[in-house]
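Engineer: Any chance you could fold what I've pasted below:
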Amino acid sequence: MTGSARHHADELMDLMLQAHPVIAWSHLGLSGYDDRMDDLSQEADQAYAARMTAARGRLLALDADHLTAADSITRAAGLSLADGELAEVAVGAVGYSVGPMGQGPAAVLAVASRSTPADAEQAEAYLARTVDYARYLDQHLERLRAGAAAGRPLVTRSRGVALGMVDTYLANRSSDALADLIPPAGWDRATEWSDRLRREVDERVRPALARWRDGVASLPVRPDEHCGMVHLPGGAGDYERLVQRHTTLPVSAEQVHAQGSALVERLQAQMAELGAQLGLTGFDAVRMAVRGSSSGVTPAQLQERSLATLARAETVVPAVFPAPAPPACRVEPMSAHLAVAGMPPHYTPPSQDGSRVGTYWFNDQRPSVGAGWDLEATVFHEAVPGHHLQVSRALAASGLPAVQSLGLVTAYIEGWALYAEELAEELGLYSGPEALLGALAARLARASRLVIDTGIHALGWSREQAIAWFGGATALTDAFVESEVDRCIAHPGQVLGYTVGCVEITRLRDDARARLGASFALPGFHGAVLDSGTLPLPALEAAVEMWVHREGHGA
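Structural biologist: Purely as a prediction, here's the structure:
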């Protein structure tokens with residue numbers, strides 16, 4: 001077999017980027033992909049799966065016994081990418097799932113909110129993508145029709161949420177998230193571009209969204225009582241594929257459910273114990289105090305507290321991470337249409353060309369999660385030492401294969417961000433017991449999602465059953481409880497990687513410390529976790545093992 005592990009892994013990554021230009025541009029900040037949307041046709045999926053299977057075979061055929069340790073890690077990362085993509089095609093959730101994330105109108109509106117053309121080339125790409133929206137939305141509607149015909153109808157609530165989002169956009173003529181973009185400064189074609197953009201939105205995109213809305217409204221639905229995949233033909237097996245796809249581990253839904261249940265019990269006890277220091281008796285009193293802590297918070301306070309928390313974290317980076325330190329992270333209020341829809345605080349990475357900086361977006365319209373006692377944990381998760389530090393370090397690393405420098409492994413990325421919240425506690429970064437309670441509440445919410453996601457899709461829980469359990473187990477507001485349950489319904493398995501990844505990173509650190517003793521150094525461990533890029537968890541274990549071996553032998 002000819003070719004290197006890097007060559008074949010790069011081939012797989014290129015196939016993924018070509019198939020998912022929205023991921024390439026919106027999530028990874030890559031230029032050259034932002035003039036089009038994904039091809040959602042079944043024919044495109046079949047062709048993609050065939051190409052991915054062939055490329056996977058070429059990587060798998062390499063003689064593993066003759067690869068270097070680094071090439072073995074690259075091989076594992078490439079195979080995991082291929083397996084995950086093939087699982088997504090096989091499961092075909094695009095044909096029976098809608099929600100505030102993922103494909104369809106949600107992607108169109110979310111991508112628009114992240115668009116700020118910096119020059120004429122980016123402006124023209126945005127216009128070309130706008131023209132492509134109609135084709136994309138029509139394909140999405142056809143996939144949903146095909147899913148319904150195959151006995152996989154939409155969930156009643158999920159359809160209602162999606163229709164409401166589209167109706168809100170179509171009813172708003174005074175401001176338009178798709179058309180009201182500011183052209184590049186000083187561009188001599190700015191007026192012509194803005195006029196054409198407005199025409200394309202009015203004449204192509206709005207009619208396509210209306211077609212999508214009317215088509216989806218006419219589709220059959222399944223009741224919220226049967227919202228889980230277990231109620232679909234072949235759904236139980238498909239969900240098991242998604243569990244392994246999002247955790248990157250050979251675990252079952254049953255194992256994940258048990259892990260989540262045990263963590264929930266432990267975290268609730270910790271919250272009750274810490275709450276007693278504030279005069280709060282019992283877990284219910286603690287969770288209600290955390291839940292109400294965002295009441296009355298102003299946008300100015302959100303920005304001020306977020307900036308102060310970020311600055312505090314940045315001061316300790318040199319002591320616990322090897323150089324280089326990440327560039328500054330911007331803190332900004334999110335777009336109004338996302339904020340009004342209840343989008344929680346989130347992070348978008350910098351673009352590779354430097355035209356877009358890493359940004360932490362907070363909700364200044366409907367603050368709830370990430371605005372009260374949990375604000376500090378949210379900043380640590382999304383910015384430093386969480387997503388911003390991890391992504392910036394991966395982008396700055398030279399020589400990594402694309403599958404590692406640009407990888408999208410939920411269990412690694414979100415596992416690291418949740419680990420960052422816990423690391424902040426170890427480093428004394430939380431301002432007091434209230435902030436610590438907020439951090440524990442955030443961890444509890446993630447652990448609880450292991451229970452509700454598997455409960456819905458493997459155990460057959462109804463939407464109401466999931467809401468009742470989740471609301472009683474966590475400190476989340478009623479509205480956020482419902483939105484998180486709806487997220488799990490619409491995107492099966494996606495939330496599992498957070499806690500599973502964090503637990504694995506912590507396990508690797510504890511094991512390395514036990515084996516190395518006095519030779520263990522926290523900056524070195526963090527370098528081992530971060531400097532091989534984004535990895536599936538088994539490959540991450542191999543990367544940490546390489547570091548432990550070097551440290552243990554004094555290399």
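
Engineer: ok, so what distance separates Pro492 from Ala93?
Structural biologist: 7 Å (C-beta to C-beta, to the nearest Å). Quick note: C-beta positions are derived from backbone N, CA and C, even for glycine.

Engineer: Sorry, slip of the keys, the one I care about is Ile23.
Structural biologist: Distance from Ile23 to Ala93, by C-beta to C-beta: 15 Å.

Engineer: what about those two, which has more around it?
Structural biologist: Ala93 (21 against 17; other C-beta atoms under 10 Å).

Engineer: wait, doesn't that one sit right on Gly493?
Structural biologist: No - using C-beta atoms under 8 Å, Ala93 is not in contact with Gly493, being 9.4 Å away.

Engineer: overlap in contacts of the two?
Structural biologist: Residues touching both Ala93 and Gly493 by C-beta atoms under 8 Å, 6 or more residues apart in numbering: Leu242.

Engineer: Overlap of the contact sets of Pro492 and Ala93?
Structural biologist: With C-beta under 8 Å, 6+ apart as the test, Pro492 and Ala93 both reach Leu242.

Engineer: Okay, and Leu475 sits in which element?
Structural biologist: I think there's a mix-up here, since residue 475 is Ala and not Leu. For Ala475, there is no enclosing helix or strand under DSSP states H and E.

Engineer: dump the residue contacts of the residue nearest to Leu40 when sequence neighbours are not counted.
Structural biologist: Spatial nearest neighbour of Leu40, excluding adjacent residues (C-beta to C-beta, 6 or more residues apart in numbering): Gln139 at 4.0 Å. Neighbouring residues of Gln139 by C-beta under 8 Å, 6+ apart: Asp39, Leu40, Ser41.

Engineer: Report the contact partners of the second one.
Structural biologist: Neighbouring residues of Leu40 by C-beta under 8 Å, 6+ apart: Val94, Gln103, Tyr136, Gln139, His140, Glu142, Arg143.

Engineer: separation between it and Val94?
Structural biologist: As judged by C-beta to C-beta, Leu40 and Val94 stand 6 Å apart.

Engineer: in the strand or helix carrying Leu302, what counts as buried?
Structural biologist: Using DSSP H and E, Leu302 sits within helix 299-320. For helix 299-320, burial by neighbour count (16 or more other C-beta atoms under 10 Å) applies to Leu302, Arg305, Ser306, Thr309, Leu310, Arg312, Ala313, Glu314, Val316, Val317.

Engineer: I'd say the third one and Leu375 touch.
Structural biologist: Yes - between Ser306 and Leu375 there is a contact at 6.7 Å, judged by C-beta under 8 Å.

Engineer: helices and strands of the protein: which one bottoms out on pLDDT?
Structural biologist: Lowest by mean pLDDT, DSSP states H and E among the helices and strands of the chain is helix 336-340, with a mean of 77.

Engineer: Buried residues, it. List them.
Structural biologist: Residues of helix 336-340 classed as buried: His337, Leu338, Ala339 (neighbour count, 16+ other C-beta under 10 Å).

Engineer: ditto for stretch 528-538
Structural biologist: For stretch 528-538, by 16+ other C-beta under 10 Å, it's Ala528, Val529, Leu530, Ser532, Gly533, Thr534, Leu535, Pro536, Leu537, Pro538.

Engineer: Switch the residues you listed over to a markdown table; also include secondary structure, pLDDT and distance to Asp14.
Structural biologist: Listed next are the buried residues of stretch 528-538 as a markdown table, based on DSSP: H, G, I helix; E, B strand; the rest coil; pLDDT from 0 to 100; distance: C-beta to C-beta, whole Å:
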| residue | secondary structure | pLDDT | distance to Asp14 |
| --- | --- | --- | --- |
| Ala528 | helix | 96 | 28 |
| Val529 | helix | 97 | 26 |
| Leu530 | helix | 96 | 24 |
| Ser532 | coil | 94 | 20 |
| Gly533 | coil | 93 | 16 |
| Thr534 | coil | 94 | 16 |
| Leu535 | coil | 97 | 19 |
| Pro536 | coil | 97 | 19 |
| Leu537 | helix | 98 | 24 |
| Pro538 | helix | 96 | 23 |
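
Engineer: and which of those is nearest Gly99?
Structural biologist: Set against Gly99, the nearest of the buried residues of stretch 528-538 by C-beta to C-beta is Thr534 (24.4 Å).

Engineer: show me what contacts that closest one?
Structural biologist: By C-beta under 8 Å, 6+ apart, the contact list for Thr534 reads Ala77, Ala394, Gln404, Ser405, Leu406, Gly407, Leu408, Val409, Tyr412, Ile413.

Engineer: Just the ones of the residues you listed in helices?
Structural biologist: Counted as lying in helices by DSSP state H, out of the contacts of Thr534, are Ala77, Ala394, Gln404, Ser405, Tyr412, Ile413.

Engineer: ranking the residues you listed by neighbours, who comes first?
Structural biologist: Ala77 (33 neighbours).

Engineer: who touches that residue in this structure?
Structural biologist: Residues near Ala77 by C-beta under 8 Å, 6+ apart: Ala9, Pro401, Val403, Gln404, Gly407, Gly533, Thr534, Leu535, Pro536, Ala539.

Engineer: how about CSV for these, with distance to Glu545 added?
Structural biologist: Output for the contacts of Ala77, formatted as CSV (distance: C-beta to C-beta, whole Å):
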residue, distance to Glu545
Ala9, 20
Pro401, 19
Val403, 20
Gln404, 16
Gly407, 19
Gly533, 16
Thr534, 18
Leu535, 12
Pro536, 14
Ala539, 10
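
Engineer: Of those, which pair is most distant in space?
Structural biologist: Pro401 and Pro536 (13.6 Å).

Engineer: low-scoring stretches of the stretch 1-150 of the chain, by residue?
Structural biologist: For the stretch 1-150 of the chain, the stretches flagged by pLDDT under 70 are 1-3, 113-114.

Engineer: So which residues of it form helices?
Structural biologist: Under the criterion DSSP state H, counting those that start in this stretch, the stretch 1-150 of the chain carries helices at the ranges 5-19, 21-22, 42-60, 69-91, 105-113, 120-149.

Engineer: could the ones you listed be laid out in TSV, adding distance to Gly235?
Structural biologist: Output for those, formatted as TSV (distance: least, C-beta to C-beta, whole Å):
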stretch	distance to Gly235
helix 5-19	24
helix 21-22	26
helix 42-60	18
helix 69-91	9
helix 105-113	22
helix 120-149	12
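
Engineer: Give me the domain ranges for this structure.
Structural biologist: Split into domains by automatic domain parsing, the chain comes to 1-91, 237-501.
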